[in-house]
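Just to be clear, the model below is a prediction. Sequence and coordinates:
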Amino acid sequence: MPNLLAMSFEGELAPCFDLRCLHPGRKPPDGWGIGYYPGGEPSASVLKEPAPPHGSIRSELVKAWEHLEASLFVLHVRTATWGSISDANTQPFARSYGGRDWLFAHSGSLHHRVERGGKKLFDPVGSTDTEMLFCELLGFFHASGLRSIGDCDPVTLATWFARMGVHGCMTAVLTDGRDLLAYADARGESALHLGRVVPPYERLALGDADVEVDLGRRGVKPRKGVIIASNPLEGEGATWTALAPGRLVVVRQGAVIAEVGAATPPGEPASAPLVGRPDLGRPQRAQARKLQVVHRTAYRYEKPVERSTHLLRLVPAHDRLQALHSSSIQMSVDGKQRDYEDVFGNQVRRVAIETPFSELVIEARSEVSLLDTEPFQFRPLHARSVIPLVWMPWQRQVLAPYLLPPELYESELEELAHYAMSFAERNDYDLVDTLLDLNQTIFREYEYRQGSTSLSTTPYEVYARRRGVCQDFANLFICLARLLGVPARYVCGYLYTGPTHPNQRQALASHAWVQVYLPESGWKGFDPTNGVVTQTDHVRVAVGRSYIDATPTSGTIYVGGGRETLEVEVTVTAVDV
């Protein structure tokens with residue numbers, strides 16, 4: 001029986017909890033309880049039932065009630081050791097502190113009662129060892145001047161649990177409505193397992209003989225999540241690992257943000273170091289690089305094209321972070337040409353061809369130096385800009401084209417807005433950390449699969465299917481950034497990988513990434529396909545609101561043509577400086 005079960009997801013879900021242990025023919029537990037945070041508010045709702053009968057009304061409620069919706073849940077099934085079978089002794093326990101409700105559940109039992117001397121701010125209502133531990137833990141937060149889990153160093157918390165472990169099993173979960181903390185007893189008296197859920201999934205039902213959690217019964221939402229359970233739950237969709245004894249993890253919005261090895265009490269050998277949150281891909285200083293680019297495009301037609309016009313955006317940008325040394329464009333068919341700068345600052349060549357042709361080959365050669373060695377050198381990374389951003393009216397007017405998300409169904413935009421906000425909430429609304437997390441998440445959790453999408457694929461479809469190519473990942477990043485009020489634009493150019501890099505196939509064609517406008521900093525590049533901040537491997541050619549504004553080659557056929565075939569070949573090589 002998974003007597004302890006806790007879940008944290010990015011955004012709200014309405015799961016169905018089936019307490020199979022209350023089905024006819026089963027021996028009911030001594031009690032059960034579930035706590036959650038409706039609407040993402042800091043106020044918790046708790047539903048408990050001591051000595052439940054078979055098929056109890058409350059158990060049917062958590063199975064069928066559609067309003068049981070939140071991003072954080074704590075479920076406990078009780079086998080009584082300390083205290084009578086009563087509502088006061090049934091977990092999870094809830095207390096208010098720091099302007100929020102806290103929930104605590106404990107798997108295991110202490111060997112003896114802990115003596116509590118002097119006046120205490122928090123006193124148990126019931127007679128269980130678990131509630132006493134809960135009061136001691138909240139007292140520790142208060143004495144330390146801490147008002148939330150996020151305020152406390154995870155190593156300090158792990159040390160507290162290890163110190164209290166001399167009294168017995170300390171496997172437990174604690175949540176303040178924002179973060180979920182899980183600790184596995186240092187002596188291994190009660191196990192704890194961590195399950196990771198990553199979309200896409202068509203159905204997600206996990207459970208065992210006693211409890212089943214169906215996360216998709218009321219509609220599948222592509223949400224990432226973390227499940228903490230006494231035992232791994234069976235079913236597809238979750239990958240389980242056992243937490244080592246003494247391990248402490250902190251989860252926020254469906255992702256582990258901190259992890260600590262086994263802590264030891266004072267006077268004993270040093271504890272394992274803080275593992276910390278996943279790397280957000282903060283850039284290190286890069287060396288300036290000089291690259292030569294050859295971009296060859298060949299169009300072939302079933303019937304001769306008699307008259308056509310073409311727009312070419314093949315000249316790399318030239319500015320303080322990218323120096324263009326030379327550039328040339330050759331076409332196999334002559335035509336009238338005119339060069340100009342479009343409204344986005346891109347160098348564009350318009351070509352009108354009135355000579356019939358069945359094949360058109362366009363070859364662009366460029367040599368460019370990349371100088372963006374320190375993208376965030378404008379200030380220390382710990383200097384915070386936070387979401388939401390505030391723009392002056394004239395700034396918003398200029399940035400308006402880069403703040404408007406794509407036209408999607410309202411329900412799809414709402415879902416994407418919730419998804420975008422999960423990144424902001426997970427990173428304390430820090431602007432740079434939120435963007436770095438978004439960049440890394442798309443890189444790690446979305447599959448790069450050529451041919452899986454088309455030019456008409458929407459950001460929502462990419463989000464739901466979790467696959468695509470560089471253009472799709474850029475479009476999704478842009479959509480999410482704009483929903484957060486961060487100006488974002490599409491960038492088309494080239495990627496240098498070197499001849500042996502596993503991503504070399506991305507360098508064999510034009511590449512797409514994103515630039516976001518940071519206050520008092522300017523446009524900064526993020527490449528979600530590779531999970532990096534752009535530096536000296538990305539050659540910028542054209543930018544715009546979307547792919548349409550920045551496509552390398554486009555045009556209109558007025559007479560002739562028929563079926564078209566297209567071949568594109570790009571080579572990017574380093575030039576010795």
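Yep, it's here. It should be emphasised that the depicted structure is a prediction, and the values quoted were computed from it without experimental measurement.

what packs against the helix or strand of the chain with the lowest mean pLDDT?
The weakest-scoring helix or strand in the chain, judged by mean pLDDT, DSSP states H and E, is helix 57-64 (a mean of 88). If you count contacts as 3 or more C-beta pairs under 8 Å, 6 or more residues apart in numbering; DSSP states H and E, helix 57-64 packs onto strand 16-19, strand 45-50. Just so you know, the C-beta spots here come from the backbone N, C-alpha and C atoms, and that holds for glycine as well.

In a markdown table, list those strands along with mean neighbour count.
Formatted as a markdown table, those follow (neighbours: other C-beta atoms under 10 Å):
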| stretch | mean neighbour count |
| --- | --- |
| strand 16-19 | 22 |
| strand 45-50 | 18 |
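
Please report phi then psi for Ala352.
phi -110, psi 120 (degrees, to the nearest 10).

Now Trp32: closest residue in space, sequence neighbours ignored.
Using C-beta to C-beta, 6 or more residues apart in numbering and skipping the chain neighbours, the partner closest in space to Trp32 is Val77 (4.8 Å).

what bits of the stretch 101-250 of the chain have low per-residue confidence?
Low-confidence regions of the stretch 101-250 of the chain, defined here as pLDDT under 70, do not occur.

now the chain
1-2, 262-278, 378-384, 499-508, 577.

so Val315 touches Ser326, yeah?
No. Val315 lies out of contact with Ser326 (C-beta atoms under 8 Å); the separation is 10.3 Å.

Common neighbours of the two, please.
Ser366 (C-beta atoms under 8 Å, 6 or more residues apart in numbering).

ok, back up a step: which among the helices and strands packed on helix 57-64 is found nearest to Ile442?
Closest to Ile442 of the helices and strands packed on helix 57-64 is strand 16-19 (C-beta to C-beta; 30.1 Å).

I would like the residues contacting the closest one, please.
32, 34, 52, 59, 62-64, 68, 75, 77, 207, 210-214, 217-218.

if you set the cut-off to 6 Å instead, what comes out?
Contacts to strand 16-19, defined as C-beta atoms under 6 Å, 6 or more residues apart in numbering, come from residues Ser59, Val62, Lys63, Glu212, Val213, Asp214, Arg217.

going on from that strand, what's the next piece of helix or strand?
Of the helices and strands lying after strand 16-19 in sequence (DSSP states H and E), the nearest is strand 31-36.

quick one: strands adjacent to that following strand?
Applying DSSP bridges, strand 31-36 is found paired with strand 45-50 (antiparallel), strand 70-78 (antiparallel).

Could you check how far that strand is from the centre of its chain?
29 Å (C-alpha atoms, centre = their mean, to the nearest Å).

Need the CA coordinates for that strand. PDB is fine.
The C-alpha trace of strand 31-36 is given here as PDB (Å, rounded to 0.1, in the frame of the first residue of the first chain):
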ATOM      1  CA  GLY A  31      -7.900   6.300   8.000                       C
ATOM      2  CA  TRP A  32      -7.100   8.300   4.900                       C
ATOM      3  CA  GLY A  33      -6.800  11.900   3.900                       C
ATOM      4  CA  ILE A  34      -6.100  14.100   0.900                       C
ATOM      5  CA  GLY A  35      -4.900  17.700   0.900                       C
ATOM      6  CA  TYR A  36      -4.700  20.000  -2.100                       C
END
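
List the contacts of Tyr496.
Leu291, Asp537, Val572 are the contacts of Tyr496 under C-beta under 6 Å, 6+ apart.

now these in JSON lines, with distance to His310?
Putting those into JSON lines (distance: C-beta to C-beta, whole Å) gives the following:
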{"residue": "Leu291", "distance to His310": "25"}
{"residue": "Asp537", "distance to His310": "29"}
{"residue": "Val572", "distance to His310": "23"}
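
Pro15: which of these is nearest?
Of all these, the one with the least separation from Pro15 (C-beta to C-beta) is Asp537, at 43.0 Å.

so how many other residues sit close to that closest one?
Neighbour count of Asp537, defined by other C-beta atoms under 10 Å: 22.

follow-up on the earlier one: got the contacts of strand 16-19 as CSV, with neighbour count and distance to Asp101 columns?
Shown next, in CSV, are the contacts of strand 16-19 (neighbours: other C-beta atoms under 10 Å; distance: C-beta to C-beta, whole Å):
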residue, neighbour count, distance to Asp101
Ser59, 24, 23
Val62, 21, 19
Lys63, 17, 24
Glu212, 19, 27
Val213, 24, 22
Asp214, 17, 26
Arg217, 17, 27
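
Which one of those is nearest to Ile257?
Ile257 lies nearest to Val213 out of the contacts of strand 16-19, by C-beta to C-beta, at 22.8 Å.

Now for that closest one: which residues touch it?
So Val213 contacts Pro15, Phe17, Leu206 (C-beta under 6 Å, 6+ apart).
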